[in-house]
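K.L.:
I'll drop the sequence and a predicted model, then ask my questions.
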Amino acid sequence: MKAPKSVQPSVSAASSVDIGAARPGSGYALNHPLLNPVNAPVPCLEEVMALAKDAGRRFLLFVELKCDASEDSADPQVLAEATHDMVRRAAFLDSVIFVGFDWRALAPLVARGAACWFTTDKLHGDARPVIDMIATAGGQGWFPNFLDATPQNVAYARERGLKVGAWTVNRQNDMERLKDLDAICTDRPDLLQSLK
């Protein structure tokens, strides 16, 4: 059995990755023809929290824990603890919601009283059992694929005491349909901002 991978933030490694340009000819580039490439290095979490603190108003930050069951992934519990400790040291816990597909990373944070929204991939069939699992696990929210954020599913999740967001909503008609959700994840904040 391998020892869990440690999680050490690296500002220099993160700063050297450009997230602002899609690879020309890639599926992503073809699906996002309005993408305006810019040199956008990846900020570290400390930098994002500092920027949010300087915003002059309360800024709610969703922190996604990126891990999975693959061999090259960070250990979910180690990642969760390291991230939680970093946010706590920055005195930013009241302004953070932890989200992620790998619920093994969220479970220890729920136990520590952190706000957690459980993300789900596209569901097939009845969403109620999944919503029930999230509520039973102590989650405060459900973050489904936007196609699963149907009026019936949203109403059931809210009956169970959950807030509801949706990912990734990039078309204005979908944004309009989902504008009453508690959060929307999008690659097109310009379109989202234009909604009345």
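P.N.:
Cool, got the structure. Numbers count the residues shown, from 1 in each chain.

K.L.:
looking at the chain, which helix or strand does the model trust least?
P.N.:
helix 11-15 (a mean of 52; mean pLDDT, DSSP states H and E).

K.L.:
low-confidence bits of this structure, can you list those?
P.N.:
1-20 (pLDDT under 70).

K.L.:
hang on, the earlier thing: show residues contacting the helix or strand following the least confident helix or strand of the chain.
P.N.:
As assigned by DSSP states H and E, the chain's next helix or strand after helix 11-15 is helix 27-31. The contact list for helix 27-31 (Cβ atoms under 8 Å, 6 or more residues apart in numbering) reads 22-23, 35. Using the backbone N, CA and C atoms, a C-beta is placed for each residue, glycine as well.

K.L.:
what residues sit buried inside the next helix-or-strand element following helix 27-31?
P.N.:
Going down the chain from helix 27-31, the next helix or strand is helix 45-53, by DSSP H and E. By neighbour count on 16 or more other Cβ atoms under 10 Å, the buried set for helix 45-53 is 45, 48-49, 52.

K.L.:
same check on stretch 185-196?
P.N.:
185-188, 191-192.

K.L.:
swap in stretch 31-45?
P.N.:
44-45.

K.L.:
please name the nearest non-neighbouring residue to the residue nearest the centre of the chain.
P.N.:
Nearest to the mean C-alpha position of the chain, by Cα atoms, centre = their mean, lies residue 64 at 4.0 Å. Leaving aside its chain neighbours, residue 64 sits nearest to residue 99 (5.0 Å; criterion: Cβ to Cβ, 6 or more residues apart in numbering).

K.L.:
and the one you found, what helix or strand is that in?
P.N.:
strand 96-100.
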